[in-house]
Structures are given as C-alpha cells and as structure tokens.
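Asker: what follows is a protein structure lacking sequence information:
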C-alpha cells in the first residue's frame, strides 16, 4: 500500500531553527521540499567535508582496531551521544590525525634513508669523503664507470698516460673507478680512456666517506622505524576507542544533513516546507512542541504538477521485497503498489528455482541465525529476510521434487526433475502464465480504476481469454471450449486494438498489428522455462557432487574424509551459485515479464530527515 | 569402445569445453572491469561480484550437459554402452546448442556485465537495471541449455 502524503509548512522563529531541525531529524517523519534555488548553505559543505575526513580517518584506523568476531553484535549509539558536542572526541581525532601524519612522515623517511643506502652501497669501499673528491693544488679526482671487460685495458692505458686509476666497486652500469691525475695531464688521461668507453659518474651528493654516510642513513632509518613503531602503538590505543570517532563522524554527518536543509526566512522567522505521511502530522507537531510553542504547522496544497514522494506500508512479509521493486523503480504516488503481488510470486518462484529440502534447511538456519545475532538493517537486512522466507518455499518445492541434498530420499510428490523434464517444463510455463495473468489483472484493475473499463477488457481481458483458450487446446477434454474462448479473445483484439486510429483503414491494420502482439506473449511465457533450467542445474550439480563423493568414498578411511570434503565444498558452492541465479533470474522475471505488463513506477522514495548512520548503528534510547 | 561411444564422448567434451570457454572469457572481461572500479571504490566488492558471476552460468550449463551425456552412456558409475554411430552422433549434436550458444552468449554476457559494472560504479543505484540487462543476454544460453537437455533426455 502507498501512504497518502500531506504537504506541510512549518513557521517558526529563527532562533529556534537548529533545535527544531534536530527535533525533526529525531522524529524522522519530515522530508523537506528541495529549496527552489537549489543552493545548499556553505556551512553544510564544510560540515560534510569534516564528516568525510573523520570517516577516512576511521577507515585508516580500522586496521589497528581490535578484531571483532563476525557475529559480535554491532555497537549502537543513542540520540544524546550522537548530538552532543564532545570535546574529548575532537581531541582524540586531533591526536589520531597527528599520529597518522607522524606515521606517514616516518614511512617517507624510512624509504628515503633506504634509497640513500642503496645508492651508496657500490661506493662503500671509497675511503675519501665524498665532498673532498674535487681537486687539490696539483691533482684532480674524477669518478666514472667502465665496462667490466675494459677495466684491465683501461688501467694500463691510464698508467701509460701517467695517471692513477682504482676500482671502487660494481654498480648496475659497470665498474666504478676513481681516477687521479696531475692537473696538466688530465686531458691526456681522459683521451687515453676514451676508447674504453669511460663515462663520468659521481657518487650521491652527501658528506663523509660513503661508508660513514651509510652508517648515518642506517641510524636515521632505525630512528624513523622506532618513531613509526611508536606511532603505530599509539594509534592502536586510539583505535581501541574507535567508537568515539565513529560517533563523532556520524554526529557531523547528521549535522551536515540538517544544515543542507535551507528554510525560507525573513529577518526573524523561518518557513520549512516538506512532505509528511498523512498519519504522521500529529507526531511531527508533537516532536516540535517539545522544543517550543512558538511555531505554526499547517497543511498546504501541493503545487500543480508536483508529485509527492512515495512511502510504502506493507506487512512484515511483503516489506523486505520493497527493495526489489525500488531497485527497478519506486512506485509513483497514486498508482497501485505492486509489492504485495510481486512478493508472493518472488517467494514462490525462488522456491521453484532452488527446490531442495537440504538447501532450504541450510538457508533457513543460516539466515535465521544471522538475523538473530546481527539484526542487519537496510539493503542487506532485506536481502537476508528474503532468503529466510525463500527457504520455506525451497523446502516445499524440495518435497515436491523429492530432492534432499540432491538425493531422492522420499518419492517426489510432483515430479522427479531428472527423469521428468517435460512435465517440469510444462509446469514452469503454466506458472509463467499464472504470473503473467496476475500482471494483466493488475493492469486491468488500474485501467478500470482510471475509468476506462472497456479499455481494461479490450486490452487485457481479451489477451487472457486468447492465451487461456490456446492453452486449453492442448487437453482433449477442454479443446472444444478452448477453441471458442481463443477465437473470442482474438476477435476482441482484432476489433478493438486499432480503436484509436482515425479511419477504418487504420483500425483494420491496428487490429491485425494488435494480434501480432501474440509473439511478445509467447516469448514472455517461454521465458519461464528458466525455472526448469535452474532447478535442474541445481539438482544435477548436487547429484554430480554426491556421485563424485560416492566414488571417492570407496577408497578407505581417507576416501571417506575426501568424500565428506567434496560434499561440503560442492554443496556450498552449488547453494551459493544457485542462490545467485535464483535471485537474479527471479528479479528478471519480475522486472521484465511481470512488471512489463502493468507497472510503471517513476516515483520518488520518501527519505525523511533522520539519523542515517553508516559506521555505527543508531538507536533512539531517549 | 565403439565409434558411436567416441562420438558421444566428443559431445560431452564440446559441451563442457566451449561453454566453459565462453564463461571464462565473460567472467574475465567482467572481472577486469570490476577490478578497475574497485580500485576507486573498494566497498562495492559485494555488488560487483554478483555482476561478475553472472556470465559464469554458461560454463555450468555446459558442464551439466557433459555430465548428463556421460551418465546416459554409462561413463559415470556404470558400464559404457555400445552405441551405434547414429546414436553417438545424436549425442554430439545434442551438445551443440549449449556448446556454441554458451560460447557466444558467455562472451557477450561478459561484455554486458562489464558495462553494467562500470555503470554501477558510477551510480550504485542502477545495479538492478544492469543486472537485469545482463540477465537478458543469458536467456539465450538458457534456451540453448534447455534444447540440449531435452535432446539428451529424449535419446
């Protein structure tokens, strides 16, 4: 069901603005109409950025925080904690930021010191301080690199030119050499070296001998490592209080959401306009009255063409499925809510896809335990609840197919998948026809409600007659009646499909074109053959796993262990793949085949101003 | 072993082989797109994994047909049947729909899944639309699989 909505305006004094917004956020029933200019207040940008900063910080601290068990309950935060200005938390954030900076600086320092040491390593045996490698009054020093094979020849050539050459060490480019020559003879020595491919290269620019410099950088690296370890240890201490930071972040996010809401204002007053569920107006009034009496809440008429957001009200069975519809499109205000019908079909078809008592039990126990221990909310919570409910139909159709972890323990009630595929195929198509008929009935209801009763009969009932009649032709008993019904349906379509055309000629072609729509219905119905395909693939994979396990089990004790492993891994894989396929193809059948018949969507989800926390669960405990 | 049995074996082989190749390619293309998106948004792993796994079903269908053929001709837990050439060829042809349907649809579903993954990366709310569009491609693998399975069962 779709809630009727009321548009309200709240007039209040400017000084009460923050307190009122907070009350509205806590009440969680008011969705503001976007400001006409669409310009958000600048402070909301900055608060939002602050919240994002804190969130990043929390993310980087997560690796230091003590590990929680997978099923450990999530921490919660109450209203007062979330909205309080906590100076301690802000201080903790500053500490954490400073420590993060310290950690990064230490990491950079370590990397730099290591790079220096690596560069200096080939020069290590040079016993002259690097800064002194220039020249004396009479002598010049040069350093360079030579190919290993050329060293001996080059040494001799240098000696003959009256200079001195010494090998220092290997580098990736070749042999590093030190060249000493009398100033006047430098050119001659270089000339003599040229045939050997000598090239100048200098040691890294630092001070002291390379060995001394390396020691210095090693000491620097050790100091940086100590500082890094210190920072990490302190960060671990901060991370033990990560909840404080999570609350800080969520508090800022909530504030940013309030600040993003810009009321129209005069010098002394403000006016907030937005949507409220029709039944919740008094709740909003009550929430505001706690803050002040100086306000006025009045209902206003929506502007022409303005569409109210959609809030859905469904029972506990249907509501998890709302997420599936919303992923397609949110129902529009004033249309039929497709969720009750859709959820029932989704539930049934999921069972037909999975169809195994063993898998159903595993799903039921697993999802039930998860729901009890973690109480997941939001999208994930909805999905887990769908799988929990789906486990019942899975067990039901498991009994129908006689499949217990892909073993036929009891004689199947309906069909054996492996030996009666044709029967299952026909059953799948019949399910498809029933599903499509549900959609067509919804379409007819919608049209009839809109005052177009003939349209409902001409466009939807006619097709149901034609399809039902064609189906009845297959049974000898009903073939006669089927022929009449089918012809009746076809005649209605032929005569009415072109009724909007301006002339007789257009109406006749329209009629025939309308009848051609049968191809669409045929492909829709055939699409349900996937029920057979997926049910069979789950059954056959499970069967193969059992077969393999059975073969391995014959090989003694280890064989039995291997068989158990194969069964475990194989069935878990099969269950996971089966669930994925069931989820996706069940969605597809709803979206394309079912929704295609009647559903338009196009609504806007009702998202009231409220505490939407990501990092920590919000619970209003007063 | 008769020539007929060999033909049936080749039928099982092509079913698993080509459909598996199609899925391997499809999952790979989608996985690479997902890896790209994940480098920017690591918290989308769950959503993207679902999309990446979609083109993986063709390989499973091919595998299933291969197993069913092996079961039918007694290669799994039984004694191999003496098939005539005509019977063996029938098994081979029965494997063709899923072999080639799986190969081609796996490749194309993978490309579709990659596009859906990029779309989901840009706007997470569009995931269901991407998933549905990707599942539309799979319809033809399912139809091919059904034809193969009905043929194998009827032989």
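Answerer: Structure received. Every value quoted in this text rests on a predicted model; they were computed, and no experiment measured them.
Asker: spell out which parts of the stretch 201-350 of chain A neighbour chain B.
Answerer: A:324, A:327, A:328 (Cβ under 8 Å from any Cβ of the partner chain). For glycine as for every other residue, the C-beta is placed from the backbone atoms N, C-alpha and C.
Asker: just give me the closest of these to chain B.
Answerer: Among these, residue A:327 lies closest to chain B (Cβ to the nearest Cβ), at 3.2 Å.
Asker: most surrounded residue in the residues of the stretch 201-350 of chain A next to chain B?
Answerer: With neighbours taken as other Cβ atoms under 10 Å in any protein chain shown, the top of these is residue A:324, carrying 21 neighbours.
Asker: next, the closest residue to that one other than its chain neighbours: phi, psi?
Answerer: Of all residues not flanking residue A:324 in the chain, residue A:587 sits nearest, at 6.1 Å (Cβ to Cβ, 6 or more residues apart in numbering or on different chains). Backbone torsions of residue A:587, given as degrees, to the nearest 10, read phi -60, psi -50.
Asker: what about residue A:587, neighbour count?
Answerer: Residue neighbour count, defined by other Cβ under 10 Å, stands at 18 for residue A:587.
Asker: including pLDDT and secondary structure, could the residues of the stretch 201-350 of chain A next to chain B go into TSV?
Answerer: Formatted as TSV, those follow (pLDDT from 0 to 100; DSSP: H, G, I helix; E, B strand; the rest coil):
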residue	pLDDT	secondary structure
A:324	89	helix
A:327	85	helix
A:328	85	helix
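Asker: isn't residue A:54 right up against residue A:93?
Answerer: Yes: between residue A:54 and residue A:93 there is a contact under Cβ atoms under 8 Å: 6.3 Å.
Asker: which neighbours do these two have in common?
Answerer: Taking Cβ atoms under 8 Å, 6 or more residues apart in numbering or on different chains as the criterion, residue A:54 and residue A:93 both touch A:245, A:248.
Asker: excluding its backbone neighbours, what's nearest residue 25?
Answerer: The chain I'm using is chain A. Using Cβ to Cβ, 6+ apart and skipping the chain neighbours, the partner closest in space to residue A:25 is residue A:609 (4.9 Å).
Asker: please go with chain B instead
Answerer: Nearest residue to residue B:25 in three dimensions, chain neighbours excluded: residue B:107, at 5.1 Å (Cβ to Cβ, 6+ apart).
Asker: element containing the one you found?
Answerer: helix B:85-122 (DSSP states H and E).
Asker: show the contacting residues for the residue of chain B found nearest chain A.
Answerer: The nearest approach of chain B to chain A comes at residue B:128, 3.2 Å away (Cβ to the nearest Cβ). Residues counted as contacts of residue B:128 (Cβ under 8 Å, 6+ apart) are A:324, A:327, A:328, A:587, A:591.
Asker: touching, the third one and residue A:603? I think so.
Answerer: Pointing back at residue A:328 there. No: in this structure, residue A:328 is not within contact of residue A:603 by Cβ under 8 Å, at 11.2 Å.
Asker: tell me what the host helix or strand of residue A:574 is packed against?
Answerer: Assigned by DSSP H and E, residue A:574 belongs to helix A:556-588. Based on contacts counted as 3 or more Cβ pairs under 8 Å, 6 or more residues apart in numbering or on different chains; DSSP states H and E, the elements that helix A:556-588 packs against are helix A:339-354, helix A:357-374, helix A:529-553, helix B:45-53, helix B:57-72, helix B:127-154.
Asker: just the ones you listed: most buried one?
Answerer: Most buried of the helices and strands packed on helix A:556-588, by mean neighbour count (mean count of other Cβ atoms under 10 Å in any protein chain shown): helix B:57-72, with a mean of 26.
Asker: could you give the mean pLDDT of that helix?
Answerer: For helix B:57-72, mean pLDDT rounds to 89.
Asker: neighbour count for residue A:54 and residue A:93, which is higher?
Answerer: Shown here are residue A:54 and residue A:93; by other Cβ under 10 Å, residue A:54 has more neighbours (25 against 21).
Asker: roughly how far apart are the more buried one and chain B?
Answerer: Separation of residue A:54 from chain B (Cβ to the nearest Cβ, to the nearest Å) stands at 16 Å.
Asker: one more: residue A:238?
Answerer: The spacing between residue A:238 and chain B, counted by Cβ to the nearest Cβ, is 22 Å.
Asker: element containing that residue?
Answerer: Assigned by DSSP H and E, residue A:238 belongs to helix A:210-239.
Asker: quick one: distance of that helix to the chain centre.
Answerer: Distance of helix A:210-239 from the chain centroid (Cα atoms, centre = their mean, to the nearest Å) equals 39 Å.
Asker: quick one: least confident helix or strand in chain B?
Answerer: Of the helices and strands making up chain B, the lowest-confidence element is helix B:45-53, at a mean of 86, by mean pLDDT, DSSP states H and E.
Asker: list the contacts of the residue nearest to residue B:25.
Answerer: Contact analysis of residue B:107 by Cβ under 8 Å, 6+ apart lists B:22, B:25, B:26, B:29.
Asker: would you confirm that the third one contacts residue B:56?
Answerer: Yes: under the contact definition of Cβ under 8 Å, residue B:26 touches residue B:56, with a separation of 7.3 Å.
Asker: these two: who's more crowded?
Answerer: Between residue B:26 and residue B:56, counted using other Cβ under 10 Å, residue B:26 has the larger neighbour count: 32 against 21.
Asker: what strand or helix carries that one?
Answerer: helix B:3-40.
Asker: near chain A, which residues of chain B are found?
Answerer: Selection of chain B residues close to chain A by Cβ under 8 Å from any Cβ yields B:50, B:53-54, B:56-57, B:60-61, B:63-64, B:67-68, B:76-77, B:125, B:127-129, B:131-132, B:135-136, B:138-139, B:142-143, B:145-146, B:149-150, B:153.
Asker: strands along the stretch 1-150 of chain A, start to end?
Answerer: Applying DSSP state E, counting those that start in this stretch to the stretch 1-150 of chain A gives strands spanning A:5-13, A:31-32, A:76-77, A:139-146.
Asker: helices or strands up against the second one?
Answerer: Helices and strands touching strand A:31-32, by 3+ Cβ pairs under 8 Å, 6+ apart, are strand A:269-277.
Asker: list the buried residues of the strand it packs on.
Answerer: Under the neighbour-count criterion of 16 or more other Cβ atoms under 10 Å in any protein chain shown, strand A:269-277 has A:269, A:270, A:272, A:273, A:274, A:275, A:276, A:277 buried.
Asker: list just the nearest of the residues you listed to chain B.
Answerer: For the buried residues of strand A:269-277, the minimum distance to chain B (Cβ to the nearest Cβ) is 20.4 Å, reached by residue A:275.
Asker: what is that closest one paired to in the beta sheet?
Answerer: On the basis of DSSP bridges, residue A:275 is bridged to residue A:7, residue A:31.
Asker: for it, give me its contacts.
Answerer: A:5, A:6, A:7, A:8, A:30, A:31, A:33, A:308, A:309, A:606.
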